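Enquirer: just the structure for this:
(chains A and B)
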Amino acid sequence: GEDVEQSLFLSVREGDSSVINCTYTDSSSTYLYWYKQEPGAGLQLLTYIFSNMDMKQDQRLTVLLNKKDKHLSLRIADTQTGDSAIYFCAELNQAGTALIFGKGTTLSVSS
Amino acid sequence: DAMVIQNPRYQVTQFGKPVTLSCSQTLNHNVMYWYQQKSSQAPKLLFHYYDKDFNNEADTPDNFQSRRPNTSFCFLDIRSPGLGDAAMYLCATSTRDRGLEQYFGPGTRLTVT
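Expert: Residues are numbered from 1 along each chain as shown, chains lettered A, B, ... in the order given. Next up, the predicted model:
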């Protein structure tokens, strides 16, 4: 079946880089996503990557995709206290109709 | 600004008392979704509409129903809420032809007493 796994917590110091990792099971996934959720708010789409790419960069965000290992990562350069949030990895389901989310990684940034 | 709006942000209902959560969008997207998110868990899809075409997930309880009277509005009805239905309910929209970029509302936190 389709499943997405993430580590639950990550703690970094302000100015350092953060790397959040995710593994997924469905090798036929066409799109993979990163969402951010701040306390009391909905999910905000940060970026997504198509399965025929292995890297995507958008300002401070870098997404790396290793299709062979079914591993997705999100790197945040120069992490700021405002980056503290829960980050969800998601894959598009086989039917192409909805997203399968991981449980989220809580990123804590200390100054 | 184009957006997804959910009302109310916080809803308290009694065990067994029907409750309706609402979602509206100004994005003119043809797909609308309802997710349930329990504490420290992943959002779980309940159902979605593609235009007026309703699609229920196989494991969504019958207690949960939905209505979409027009493109802009979608409602989640919980016919007889149980304590286990306390959660954050998230509405999202997308257009089918954009690889499912989903845009989420802020959510409604439901408490069942």
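Enquirer: can you tell me the element the spatially most central residue of chain B falls in?
Expert: Central residue of chain B (C-alpha atoms, centre = their mean): residue B:34, 2.9 Å from the mean position. Here residue B:34, judged by DSSP states H and E, is contained in strand B:31-37.
Enquirer: circling back: show me what contacts the closest residue to the residue nearest to the centre of chain B other than its chain neighbours?
Expert: Counting by C-beta to C-beta, 6 or more residues apart in numbering or on different chains, residue B:34 lies nearest to residue B:46, which is 4.6 Å off, once chain neighbours are set aside. C-beta coordinates here come from the backbone N, C-alpha and C atoms, glycine included. By C-beta atoms under 8 Å, 6 or more residues apart in numbering or on different chains, the contact set of residue B:46 is B:34-36, B:56-57, B:60, B:64, B:66, B:76.
Enquirer: tell me the residues of chain B that contact chain A?
Expert: For chain B, the residues in contact with chain A (C-beta under 8 Å from any C-beta of the partner chain) are B:4, B:6, B:33, B:40-45, B:48, B:50, B:55, B:57, B:90, B:92, B:99-107.
Enquirer: list only buried entries from those.
Expert: Among these, those classed as buried by 16 or more other C-beta atoms under 10 Å in any protein chain shown are B:4, B:6, B:33, B:42-45, B:48, B:90, B:92, B:99-100, B:102-107.
Enquirer: if we can go back for a sec, now render the contacts of residue B:46 as TSV, adding pLDDT.
Expert: Shown next, in TSV, are those (pLDDT from 0 to 100):
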residue	pLDDT
B:34	96
B:35	94
B:36	95
B:56	89
B:57	87
B:60	93
B:64	96
B:66	96
B:76	97
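Enquirer: tell me, how many residues neighbour the nearest residue in space to residue A:15 that is not next to it in sequence?
Expert: In space, and not counting its chain neighbours, residue A:15 is closest to residue A:78: 6.0 Å by C-beta to C-beta, 6+ apart. As a burial measure, residue A:78 scores 11 neighbours (other C-beta atoms under 10 Å in any protein chain shown).
Enquirer: check what pLDDT residue A:78 gets.
Expert: Listed pLDDT for residue A:78 reads 97.
Enquirer: confirm that it sits in a strand.
Expert: No. Counting by DSSP: H, G, I helix; E, B strand; the rest coil, residue A:78 falls outside a strand, being coil.
Enquirer: that one and residue A:12 touch, don't they?
Expert: No. Applying C-beta atoms under 8 Å as the test, residue A:78 and residue A:12 come out as separate, 10.7 Å apart.
Enquirer: parallel or antiparallel, which strands does the strand holding residue B:34 pair with?
Expert: strand B:44-50 (antiparallel), strand B:87-94 (antiparallel) (DSSP bridges).
Enquirer: the first one: what's the following helix or strand?
Expert: Once the chain leaves strand B:44-50, the next helix or strand it forms, by DSSP H and E, is strand B:53-56.
Enquirer: please apply the same query to the longest one.
Expert: Using DSSP H and E, the helix or strand that follows strand B:87-94 in sequence is strand B:103-104.
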